[in-house]
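S.K.: only the shape, not the letters, is given here:
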């Protein structure tokens, strides 16, 4: 999968962010309606960019950290991911302008980075 045209998009949205707090304070019926609208918008985004999507990704759950001291629970603001192919880093980023992650859902941002080949690989 690693090549010069492959990019990892990490969806950012902390569970304790102001946007998430507002989302959770919505009446359940309104939140469910927005979720349905968001999923339809997400599907439309996937349909529009389907030829470029290498891995549709999905939501991310709780995080474990492994370091020299062992395994521990941790948290971060990563909430999902998608892997795409594009002609350039800029083109990959432009795919996510107006994405439902932050236009409908309470996500904060999407960070896009190239997946680089393994040196000497």
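M.R.: All right, it came through fine. Small disclaimer: the values here were computed from a predicted structure and weren't measured.

S.K.: list the contacts of whichever helix in the chain runs longest.
M.R.: As far as residue count goes, and with DSSP state H defining each element, the longest helix of the chain is helix 28-49. The list of residues contacting helix 28-49 from outside it, by C-beta atoms under 8 Å, 6 or more residues apart in numbering, reads 23-24, 26, 53, 56, 84, 95, 99-101, 103-105. For every residue, glycine as well, the C-beta is placed using N, CA and C.

S.K.: next, the buried residues of it.
M.R.: Along helix 28-49, the positions that meet the burial threshold by neighbour count (16 or more other C-beta atoms under 10 Å) are 38, 41, 42, 45, 49.

S.K.: for the last one, give me the pLDDT.
M.R.: Residue 49 carries a pLDDT score of 97 in this model.

S.K.: residue ranges with poor pLDDT in this structure?
M.R.: 1-3, 121 (pLDDT under 70).

S.K.: the spatially most central residue of the chain bridge partners, please.
M.R.: Compute the mean C-alpha point of the chain, and by C-alpha atoms, centre = their mean the closest residue is residue 11, 2.6 Å away. Per DSSP bridges, the residues bridged to residue 11 are residue 80, residue 110.
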